[in-house]
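Novice: Provided below for reference: sequence and predicted model.
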Amino acid sequence: MGRVNEAELEWTETDRGETRFKRKQLAEAAGGDAIGCSLYELPPGGKSWPFHYHTANEEAIYVLEGTGTIRLATVADEPGADDTGTDEAHELVAGTYVALPADESGSHRVINDSDGSLRYLAISTMVEPDVTVYPDSGTFGVYVGSPPGGREERSLEGYYDAEDTVGYWDGE
């Protein structure tokens, strides 16, 4: 059994434009393999990773402290959804749990639009290979050998523009 106390771990920080957060990879530090779990802290005005979804990994968010919003995809064929494909913002408060399926309906981004810090756990399966899709930029990432968030060496990894497609036989 692996165990770790978050107070024993150092924060890693990401600061790229509006994407600003601190992270502690709890599951990795405890020797987790099939389930990932990270503690995130977003400062006021900070946002998590760009709006995205995974094709192989289910994720979930559980809010520990603070308030904010989560941008979620609206999928046109969901009950009660309109056909505009407009995304929706939902309030986050301590105790909120959000399940994020491994498909387009799991598209998400956490936003701290409050005056205080927002702390939450992000939990995920750790399946590889995985493709992460970024609808706003029209790009996707491919991960083979280690899932997103994993530390093992990858045999294939890259980010691509979805419009840059080639035919199956091109170059063969």
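Specialist: Done, it's in. Numbers count the residues shown, from 1 in each chain.
Novice: For the residue nearest the centre of the chain, which residues are in contact?
Specialist: Centroid check for the chain by Cα atoms, centre = their mean gives W49 as the closest residue, at 6.1 Å. W49 makes contacts with T19, R109, as judged by Cβ atoms under 8 Å, 6 or more residues apart in numbering. To be clear about C-beta, it is placed using only N, CA and C from the backbone, and glycine gets the same treatment.
Novice: for this protein, what spans make up the strands?
Specialist: Here the chain has its strands, by DSSP state E, at 12-16, 19-25, 35-42, 53-54, 59-65, 68-72, 88-92, 97-100, 108-111, 118-125, 130-134, 139-144, 156-161.
Novice: G171 is nearest to which of those strands?
Specialist: Checking these against G171 by Cβ to Cβ gives strand 156-161 as the closest, at 15.5 Å.
Novice: who's in contact with that closest one?
Specialist: Residues outside strand 156-161 that contact it (Cβ under 8 Å, 6+ apart) are P129, G138, T139, F140, G141, V142, Y143, V144, G145.
Novice: residues in contact with the fifth one?
Specialist: Residues counted as contacts of G141 (Cβ under 8 Å, 6+ apart) are V131, T132, Y134, P148, E157, G158, Y159, Y160.
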